[in-house]
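S.K.: Fold the following, please.
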Amino acid sequence: MNTIQHSLDLPLRTKIRLSEIERLIRKHRIIVPPPSRRTLIAMCEDGTFETAKRTSPSQSWLVYEDSFLDWLRRMDSD
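M.R.: Predicted coordinates:
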């Protein structure tokens, strides 16, 4: 029990799959027309979205939620 309690005290950052970000952009009409999947991947690669480390190229992109929300705030403030 003590070991589990200590491991749950880690400060974890929520991650969102890139497909979910794509869905949120479409659903809430954040950008119309929505960016393509390739554009979103490019945003992951260039550091616009902070992503979790990928162990293989076939692994899906995981974007940190706070990074996505910061991007939304920056877009809204411009």
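S.K.: can you map out the strands along this protein?
M.R.: 15-17, 62-64 (DSSP state E).
S.K.: Dig out what the residue sitting nearest the centre point of the chain forms beta bridges with.
M.R.: Nearest to the geometric centre of the chain sits residue 63, at 2.3 Å (C-alpha atoms, centre = their mean). For residue 63, the beta-bridge partners are residue 16, residue 51 (DSSP bridges).
S.K.: what about residue 19, distance to residue 37?
M.R.: Shown here: residue 19 relative to residue 37, a distance of 9 Å by C-beta to C-beta, to the nearest Å. Where C-beta positions appear, they are placed from N, C-alpha and C, glycine not excepted.
S.K.: Tell me which residues of stretch 68-78 come out buried.
M.R.: Applying a neighbour-count criterion of 16 or more other C-beta atoms under 10 Å, the buried positions in stretch 68-78 are 68, 71.
S.K.: what's in contact with that stretch?
M.R.: The contact list for stretch 68-78, computed with C-beta atoms under 8 Å, 6 or more residues apart in numbering, reads 16, 21, 30-31, 43, 48-49.
S.K.: State the pair within these that is farthest apart.
M.R.: The distance between the two most remote of those (C-beta to C-beta) is 16.5 Å, for 16 and 31.
S.K.: Look at those two and report which has more neighbours.
M.R.: The residue with more neighbours, out of residue 16 and residue 31, is residue 16; 18 against 12, by other C-beta atoms under 10 Å.
S.K.: is it true that the more buried one touches residue 62?
M.R.: Yes - the pair residue 16 / residue 62 is scored as a contact, 7.1 Å apart, by C-beta atoms under 8 Å.
S.K.: quick one: low-confidence parts of this protein?
M.R.: In the predicted model, the chain carries pLDDT under 70 at residues 1-10, 78.
S.K.: need the longest helix for it.
M.R.: Determined from DSSP state H, the single longest helix within the chain is helix 65-77.
S.K.: distance between that helix and the chain's centre?
M.R.: Distance of helix 65-77 from the chain centroid (C-alpha atoms, centre = their mean, to the nearest Å) equals 10 Å.
S.K.: in the protein, which spans are helices?
M.R.: Using DSSP H, helices in the chain cover 2-8, 18-27, 37-45, 65-77.
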